[in-house]
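Student: what follows is a predicted protein model with its sequence.
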Amino acid sequence: MKGKKHYQIGVILRLNQFKAEETLSLMEKALSLLEEHTMSSELKVHWNLPCIPLLEHSSLRAKALLTRLKNRIDTKGDLLLPMGYSGAHHPFLLKEELRYELDWTFVNRWNSGWFEFLSSNSAALMPPSMDFCRESSKQLYREKNYLWLAISSGERNRIYLIRGEKLLVLPFIDFSKLSVKEISKALKSSFKKIDTPLVLLFNLFNNNNTFKTNNFLDSLLYLKRRYNISFCKIPQYFQDEAELNIYSFSYSENGDIPLESVLTSKELSDSPVDRVYRIEACKIRENRDYLNKPELLKKILIINSPQYLRSKYANGNFTLQTPPIKGRSFIANMSGTVNLGEADMETVIFEGKLKNFSVRGKEVLIDECSSSYISYPKRQFSFEQSGIFSFEDEMSRGLREISGIDLPDSRSPGKLMIDYYLLNEFPALFISVFITYPELRSVQTIQSYSPLEIPLFRITPGHTVMLEALFPDGEKYSQKLPAISGYYRFPGKTFILTCGESNLLVDFTDYECRRVNLLPVRIRKIKKDYLLYINPGGSYCSCPSTLIEGVEEHFTLMLIAGINERLSPPPIPASVVKELSPAWIGRYSAPVKKKFI
């Protein structure tokens with residue numbers, strides 16, 4: 001008789017809260033449920049949490065919880081998977097900031113490192129998102145030689161285990177938002193397909209989820225009785241190359257990790273609310289000596305962690321710098337095709353939409369119009385145009401498009417104004433976007449949204465687009481984009497995309513602001529070819545409507561097109577800079593349902 005198949009599961013509990021009292025409450029309830037459950041003696045839990053605020057809380061309650069956690073590690077076989085010191089997103093940190101985020105995980109001046117807890121365990125880290133783009137980040141990962149766990153949230157959910165030149169890929173399921181029935185169904189489905197250990201992540205992001213942890217444990221108990229299941233320590237599989245496929249791994253751009261695995265993590269969000277804290281970090285970086293001031297550096301790390309965002313901005317109103325909209329001297333209503341030319345570059349705008357560039361008479365893009373929309377899972381709603389006006393004054397000349405959107409469940413409509421213009425004979429097109437997102441009567445799932453999606457290139461099978469990105473500190477990286485459907489988010493400030501002889505530079509003009517932006521890129525198959533789109537200020541990743549509704553935002557892009565040219569961001573004269581409005585963002589009417597989802 002054939003033996004019953006044996007399945008192994010690694011369970012990760014993620015605790016990622018900013019407020020100390022919430023962290024203590026969540027951990028207390030989770031520990032109590034684990035200690036009281038009948039599976040307590042055999043369930044090995046991987047605890048994924050940052051150093052702060054837990055280790056910097058001086059109360060007796062916090063010390064008691066740490067004692068209970070250490071007891072589970074020593075007696076039950078639990079394992080600590082630190083997120084880092086603050087749990088910051090690595091792609092949003094500059095080079096030296098990332099080094100401190102990792103170093104302070106174990107030892108820091110506030111005596112809040114995990115050194116004591118990891119002294120008897122091999123160090124394994126699982127940040128919210130890692131950065132495999134920049135060479136400095138990859139070099140730092142190599143130097144530390146920890147076991148790194150990186151989550152992919154693409155079409156195929158996987159978790160990547162990396163140490164040195166070795167890579168292990170395991171199936172992964174995020175149970176944070178599933179019901180008990182959905183958990184059971186997902187597990188059953190996974191068991192039919194896999195021959196490797198299965199990794200389960202449960203995110204304790206609010207108190208309701210903590211109580212659901214008990215249902216999650218009951219579901220595991222049910223499945224354990226039905227199937228031949230044991231609970232494992234995930235890192236141990238790196239020591240067993242004979243049974244699992246452990247690949248050789250390169251940190252180069254041609255390495256074995258697919259693009260979507262490191263660039264589409266759901267934690268790496270790019271909603272308007274997420275961009276708020278990157279503006280805050282930028283203000284701190286204006287102090288050029290901040291790296292020598294631990295308290296300022298600590299604040300940068302905290303600001304770039306997802307728990308800070310959820311604590312401060314996700315629910316209510318907030319206001320950052322909000323200068324008035326730039327006044328224009330309007331000349332006439334405009335329709336049809338408008339050409340804006342400067343030097344060898346000419347911009348083609350059709351019916352108020354960016355359509356193409358031509359350089360010395362040669363077209364650069366694929367000659368399709370830009371678009372603005374908000375998409376629900378089964379329907380896309382476009383902004384409806386209400387006016388197109390030409391304008392001209394002493395410094396600028398261009399076109400303004402005004403449009404709006406009224407979703408089926410709106411309680412107030414959204415508004416969008418886009419200016420396309422040239423400044424003082426400077427050889428670039430500037431695009432200023434002013435958007436107010438609609439307010440909704442109930443929380444909806446937003447599949448994707450775009451104030452300005454621009455179709456760029458057609459990629460034929462077997463060919464690639466080269467993307468080069470520059471960070472505010474001057475560091476750069478390159479990435480090849482093949483003719484494969486997918487969406488990615490690239491960190492940086494300036495982006496240069498090349499396809500064949502066509503070149504396009506896209507720069508977020510934030511003056512001296514040292515802000516790291518994300519550029520969403522989508523590659524979509526249409527017939528036999530693949531089209532590449534960029535979506536500055538938008539997102540191809542689904543999110544709850546609470547992250548965008550009622551938000552007002554402004555940003556400015558600088559675009560330079562070329563044919564067979566080596567493009568680089570030119571210095572902007574002071575006469576041009578003074579004509580540009582700084583980026584700003586705010587919300588002045590809170591969402592109906594004040595809850596981060």
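Tutor: Perfect, I can see it now. Since we're looking at a predicted model, the values are computed, not measured. Numbering: from 1, shown residues only.

Student: only C-alpha atoms from now on, for both contacts and neighbour counts.
Tutor: OK.

Student: contacting residues around residue 417?
Tutor: Listed by Cα atoms under 8 Å, 6 or more residues apart in numbering, the contact partners of residue 417 are 400-403, 433-435.

Student: for it, which non-adjacent residue is spatially closest?
Tutor: residue 402 (4.6 Å; Cα to Cα, 6 or more residues apart in numbering).

Student: which element is that neighbour on?
Tutor: Assigned by DSSP states H and E, residue 402 belongs to strand 396-405.

Student: could you dump that strand to PDB, C-alpha only?
Tutor: The C-alpha trace of strand 396-405 is given here as PDB (Å, rounded to 0.1, in the frame of the first residue of the first chain):
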ATOM      1  CA  SER A 396       5.900  79.500 -21.000                       C
ATOM      2  CA  ARG A 397       3.600  78.200 -23.800                       C
ATOM      3  CA  GLY A 398       1.500  75.100 -23.900                       C
ATOM      4  CA  LEU A 399      -1.800  73.400 -23.500                       C
ATOM      5  CA  ARG A 400      -4.100  72.700 -20.500                       C
ATOM      6  CA  GLU A 401      -6.500  69.800 -20.400                       C
ATOM      7  CA  ILE A 402      -9.300  69.800 -17.800                       C
ATOM      8  CA  SER A 403     -11.400  66.700 -17.100                       C
ATOM      9  CA  GLY A 404     -13.400  64.900 -14.400                       C
ATOM     10  CA  ILE A 405     -14.600  61.600 -13.200                       C
END
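
Student: pull up the pairing partners for it, direction included.
Tutor: Partner strands and pairing direction for strand 396-405 (DSSP bridges) are strand 384-392 (antiparallel), strand 414-423 (antiparallel).

Student: and that strand, what's its mean pLDDT?
Tutor: Here strand 396-405 scores 94 as its mean pLDDT.

Student: then stretch 496-516?
Tutor: In this model, stretch 496-516 has a mean pLDDT of 87.

Student: next, the buried residues of it.
Tutor: Under the neighbour-count criterion of 16 or more other Cα atoms under 10 Å, stretch 496-516 has 496-499, 502-510, 513-516 buried.

Student: ok, now stretch 558-572?
Tutor: 558-563, 567.

Student: dump those residues to CSV, plus secondary structure, pLDDT and distance to residue 391.
Tutor: Rendered in CSV, the data for the buried residues of stretch 558-572 read as follows (DSSP: H, G, I helix; E, B strand; the rest coil; pLDDT from 0 to 100; distance: Cα to Cα, whole Å):
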residue, secondary structure, pLDDT, distance to residue 391
558, strand, 95, 18
559, strand, 96, 19
560, strand, 96, 21
561, strand, 95, 23
562, strand, 94, 26
563, strand, 94, 29
567, coil, 92, 29
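
Student: which residues pair with the nearest residue to residue 357 once chain neighbours are set aside across the strands?
Tutor: Among residues not flanking residue 357 along the chain, residue 347 sits closest, at 4.6 Å (Cα to Cα, 6+ apart). Per DSSP bridges, the residues bridged to residue 347 are residue 340, residue 357.

Student: what ranges do the helices span in the stretch 1-150 of the chain?
Tutor: 20-36, 60-75, 95-103, 115-118, 135-144 (DSSP state H, counting those that start in this stretch).

Student: next helix or strand past the strand holding residue 402?
Tutor: Moving toward the C-terminus from strand 396-405, the next helix or strand (DSSP H and E) is strand 410-412.

Student: what residues does that next one touch?
Tutor: With Cα under 8 Å, 6+ apart, strand 410-412 has contacts from 406, 438-441.

Student: can I assume residue 300 sits in a helix?
Tutor: Yes. Assessed by DSSP: H, G, I helix; E, B strand; the rest coil, residue 300 belongs to a helix.

Student: quick one: it and residue 281 touch, right?
Tutor: Yes. At 5.4 Å, residue 300 and residue 281 qualify as touching, with contact defined as Cα atoms under 8 Å.

Student: which ones are touching residue 552?
Tutor: If you count contacts by Cα under 8 Å, 6+ apart, residue 552 has them with 434-437, 585-587.

Student: just the buried ones from those?
Tutor: For the contacts of residue 552, a burial check counting by 16+ other Cα under 10 Å picks out 434-437, 585-587.

Student: can you redo those as TSV with pLDDT?
Tutor: Listed next are the buried ones among the contacts of residue 552 as TSV, based on pLDDT from 0 to 100:
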residue	pLDDT
434	93
435	94
436	92
437	93
585	82
586	79
587	74
